[in-house]
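**Student:** would you be able to build a 3D model of this:
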Amino acid sequence: KDDGNAGEESGDEERLVQGTAPTRTKSSGAAGKKGAARILSVHEIDAHYLQRRLAATLHDATECAALANQVLTVLDIRPAAGSSGGTSIRECENQLLVLLGFERFDLIKTLLANRARIWGCISLKRATSETTRDAVELALNEEESGEGRRALEELRSRSMAEDWRGERMKNTADTLRKKERGDGEGGDG
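**Tutor:** Below you'll find the predicted structure:
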(Lines give C-alpha, C1' and ligand atoms only; values in the text may rest on other atoms or scores of the structure.)
Protein backbone atom coordinates (compact mmCIF):
# COMPACT_ATOMS: atom_id res chain seq x y z
CA LYS A 1 0.00 0.00 0.00
CA ASP A 2 3.02 2.30 0.36
CA ASP A 3 3.82 2.03 -3.37
CA GLY A 4 1.65 5.07 -4.14
CA ASN A 5 3.38 7.13 -1.45
CA ALA A 6 6.83 6.31 -2.81
CA GLY A 7 5.94 7.92 -6.15
CA GLU A 8 4.56 10.99 -4.38
CA GLU A 9 7.67 11.30 -2.24
CA SER A 10 9.98 11.13 -5.26
CA GLY A 11 7.81 13.73 -7.00
CA ASP A 12 8.12 15.96 -3.92
CA GLU A 13 11.90 15.50 -3.93
CA GLU A 14 12.07 16.36 -7.63
CA ARG A 15 9.89 19.42 -7.04
CA LEU A 16 12.13 20.48 -4.17
CA VAL A 17 15.29 20.02 -6.24
CA GLN A 18 13.87 22.04 -9.12
CA GLY A 19 12.98 24.85 -6.71
CA THR A 20 9.35 25.49 -7.56
CA ALA A 21 7.31 27.97 -5.59
CA PRO A 22 5.11 26.23 -3.01
CA THR A 23 2.37 28.85 -3.44
CA ARG A 24 1.57 27.54 -6.91
CA THR A 25 0.46 24.15 -5.57
CA LYS A 26 -1.65 25.53 -2.72
CA SER A 27 -4.34 26.90 -5.02
CA SER A 28 -7.02 24.94 -3.20
CA GLY A 29 -7.46 23.24 0.15
CA ALA A 30 -7.95 19.83 -1.50
CA ALA A 31 -4.56 20.04 -3.21
CA GLY A 32 -2.67 19.37 0.02
CA LYS A 33 -4.45 16.08 0.78
CA LYS A 34 -2.52 13.87 -1.63
CA GLY A 35 0.65 15.98 -1.87
CA ALA A 36 1.96 18.44 -4.38
CA ALA A 37 1.81 17.87 -8.11
CA ARG A 38 5.00 16.75 -9.83
CA ILE A 39 6.92 19.35 -11.81
CA LEU A 40 7.46 18.04 -15.33
CA SER A 41 10.64 18.26 -17.33
CA VAL A 42 10.18 20.18 -20.57
CA HIS A 43 11.43 17.08 -22.34
CA GLU A 44 8.36 15.11 -21.22
CA ILE A 45 6.04 17.57 -22.95
CA ASP A 46 5.58 17.27 -26.70
CA ALA A 47 2.90 18.64 -29.03
CA HIS A 48 0.48 15.84 -28.07
CA TYR A 49 1.13 15.69 -24.31
CA LEU A 50 -2.39 16.84 -23.35
CA GLN A 51 -4.05 14.43 -25.77
CA ARG A 52 -2.16 11.47 -24.30
CA ARG A 53 -3.08 12.47 -20.74
CA LEU A 54 -6.75 12.88 -21.68
CA ALA A 55 -6.86 9.69 -23.77
CA ALA A 56 -6.79 7.61 -20.59
CA THR A 57 -10.37 8.66 -19.86
CA LEU A 58 -11.70 9.61 -23.31
CA HIS A 59 -12.08 7.02 -26.02
CA ASP A 60 -12.95 9.29 -28.94
CA ALA A 61 -9.79 10.74 -30.52
CA THR A 62 -11.62 13.73 -32.01
CA GLU A 63 -13.19 14.63 -28.67
CA CYS A 64 -9.82 14.16 -26.98
CA ALA A 65 -8.07 16.51 -29.45
CA ALA A 66 -10.80 19.14 -29.08
CA LEU A 67 -10.63 18.98 -25.28
CA ALA A 68 -6.82 19.19 -25.39
CA ASN A 69 -7.09 22.39 -27.46
CA GLN A 70 -9.58 23.85 -24.97
CA VAL A 71 -7.28 22.99 -22.06
CA LEU A 72 -4.33 24.58 -23.86
CA THR A 73 -6.38 27.75 -24.34
CA VAL A 74 -7.15 27.83 -20.60
CA LEU A 75 -3.46 27.33 -19.75
CA ASP A 76 -2.39 30.23 -22.03
CA ILE A 77 -0.14 32.56 -20.02
CA ARG A 78 -0.42 35.52 -22.40
CA PRO A 79 -2.51 38.48 -21.26
CA ALA A 80 -5.98 38.69 -22.77
CA ALA A 81 -6.75 41.70 -24.96
CA GLY A 82 -7.19 44.75 -22.75
CA SER A 83 -5.75 42.96 -19.71
CA SER A 84 -2.46 43.61 -17.95
CA GLY A 85 -1.73 39.96 -17.08
CA GLY A 86 -2.68 36.40 -17.97
CA THR A 87 -5.52 34.46 -16.37
CA SER A 88 -5.00 34.01 -12.63
CA ILE A 89 -4.28 30.56 -11.25
CA ARG A 90 -7.66 30.58 -9.49
CA GLU A 91 -9.53 31.39 -12.73
CA CYS A 92 -7.49 28.79 -14.58
CA GLU A 93 -8.28 26.16 -11.95
CA ASN A 94 -12.01 26.96 -12.12
CA GLN A 95 -12.06 26.72 -15.91
CA LEU A 96 -10.16 23.42 -15.82
CA LEU A 97 -12.59 22.00 -13.25
CA VAL A 98 -15.49 22.91 -15.53
CA LEU A 99 -13.77 21.37 -18.57
CA LEU A 100 -12.28 18.26 -17.00
CA GLY A 101 -14.44 17.61 -13.96
CA PHE A 102 -13.44 16.89 -10.38
CA GLU A 103 -12.66 13.24 -11.19
CA ARG A 104 -9.54 14.46 -13.05
CA PHE A 105 -8.36 16.65 -10.17
CA ASP A 106 -4.88 15.05 -10.10
CA LEU A 107 -4.44 15.98 -13.75
CA ILE A 108 -5.67 19.51 -12.99
CA LYS A 109 -3.09 19.82 -10.18
CA THR A 110 -0.35 18.74 -12.58
CA LEU A 111 -1.56 21.17 -15.24
CA LEU A 112 -1.65 24.08 -12.79
CA ALA A 113 1.76 23.30 -11.30
CA ASN A 114 3.24 23.12 -14.81
CA ARG A 115 1.07 25.72 -16.53
CA ALA A 116 3.82 27.79 -18.19
CA ARG A 117 5.86 24.69 -19.10
CA ILE A 118 2.96 22.84 -20.69
CA TRP A 119 1.58 25.85 -22.56
CA GLY A 120 5.05 26.94 -23.69
CA CYS A 121 6.33 23.54 -24.82
CA ILE A 122 3.16 22.60 -26.69
CA SER A 123 2.84 26.04 -28.27
CA LEU A 124 6.48 26.03 -29.39
CA LYS A 125 6.22 22.54 -30.83
CA ARG A 126 2.98 23.37 -32.66
CA ALA A 127 4.29 26.70 -33.99
CA THR A 128 4.26 26.84 -37.78
CA SER A 129 6.19 30.08 -38.25
CA GLU A 130 9.10 31.96 -36.71
CA THR A 131 6.72 34.79 -35.81
CA THR A 132 4.59 32.43 -33.73
CA ARG A 133 7.67 30.91 -32.08
CA ASP A 134 8.99 34.37 -31.25
CA ALA A 135 5.64 35.39 -29.71
CA VAL A 136 5.56 32.23 -27.54
CA GLU A 137 9.18 32.74 -26.43
CA LEU A 138 8.43 36.38 -25.57
CA ALA A 139 5.40 35.33 -23.50
CA LEU A 140 7.51 32.73 -21.67
CA ASN A 141 10.23 35.30 -20.94
CA GLU A 142 7.69 37.79 -19.60
CA GLU A 143 5.64 35.29 -17.56
CA GLU A 144 5.28 36.65 -14.00
CA SER A 145 6.25 33.62 -11.89
CA GLY A 146 9.52 32.98 -13.72
CA GLU A 147 8.46 29.42 -14.63
CA GLY A 148 8.20 30.38 -18.30
CA ARG A 149 11.77 31.68 -18.34
CA ARG A 150 13.03 28.54 -16.56
CA ALA A 151 11.20 26.30 -19.04
CA LEU A 152 12.68 28.21 -21.97
CA GLU A 153 16.18 27.94 -20.49
CA GLU A 154 15.68 24.20 -19.94
CA LEU A 155 14.59 23.80 -23.57
CA ARG A 156 17.57 25.79 -24.84
CA SER A 157 20.08 23.91 -22.69
CA ARG A 158 18.77 20.62 -24.05
CA SER A 159 18.94 21.77 -27.66
CA MET A 160 22.50 23.03 -27.16
CA ALA A 161 23.47 19.67 -25.66
CA GLU A 162 21.81 17.85 -28.57
CA ASP A 163 23.60 20.13 -31.07
CA TRP A 164 26.92 19.44 -29.34
CA ARG A 165 26.25 15.69 -29.26
CA GLY A 166 25.21 15.68 -32.92
CA GLU A 167 28.32 17.63 -33.94
CA ARG A 168 30.51 15.31 -31.87
CA MET A 169 28.94 12.20 -33.46
CA LYS A 170 29.35 13.70 -36.95
CA ASN A 171 33.02 14.45 -36.28
CA THR A 172 33.57 10.91 -34.96
CA ALA A 173 31.84 9.42 -38.02
CA ASP A 174 33.94 11.61 -40.34
CA THR A 175 37.12 10.50 -38.56
CA LEU A 176 36.13 6.83 -38.88
CA ARG A 177 35.33 7.26 -42.58
CA LYS A 178 38.72 8.89 -43.17
CA LYS A 179 40.46 6.03 -41.39
CA GLU A 180 38.50 3.47 -43.42
CA ARG A 181 39.37 5.22 -46.67
CA GLY A 182 43.00 5.45 -45.63
CA ASP A 183 43.11 1.75 -44.74
CA GLY A 184 41.03 0.76 -47.76
CA GLU A 185 43.14 2.72 -50.26
CA GLY A 186 46.35 1.08 -49.07
CA GLY A 187 44.96 -2.46 -49.31
CA ASP A 188 43.17 -2.07 -52.71
CA GLY A 189 46.00 -1.20 -54.94
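**Student:** ok, for residue 78, nearest residue in space, not its chain neighbours?
**Tutor:** Spatially, and ignoring its direct neighbours in sequence, residue 78 is nearest to residue 139 (4.7 Å; C-beta to C-beta, 6 or more residues apart in numbering). Just so you know, the C-beta spots here come from the backbone N, C-alpha and C atoms, and that holds for glycine as well.
**Student:** what's near enough to touch that neighbour?
**Tutor:** Residues near residue 139 by C-beta atoms under 8 Å, 6 or more residues apart in numbering: 77, 78, 120, 148.
**Student:** in JSON lines, list these along with secondary structure.
**Tutor:** Shown next, in JSON lines, are the contacts of residue 139 (DSSP: H, G, I helix; E, B strand; the rest coil):
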{"residue": "77", "secondary structure": "coil"}
{"residue": "78", "secondary structure": "coil"}
{"residue": "120", "secondary structure": "helix"}
{"residue": "148", "secondary structure": "helix"}
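**Student:** show me where pLDDT drops low in this protein?
**Tutor:** Along the chain, segments meeting pLDDT under 70 span 1-35, 81-85, 159-164, 166-167, 183-189.
**Student:** how about the helices in this protein?
**Tutor:** 3-18, 49-55, 61-75, 89-100, 105-113, 115-126, 130-142, 147-187 (DSSP state H).
**Student:** looking at the ones you listed, which is buried most?
**Tutor:** Most buried of the helices of the chain, by mean neighbour count (mean count of other C-beta atoms under 10 Å): helix 115-126, with a mean of 23.
**Student:** residue 39: which of the helices of the chain is closest?
**Tutor:** Closest of those to residue 39 is helix 3-18, at 4.9 Å (criterion: C-beta to C-beta).
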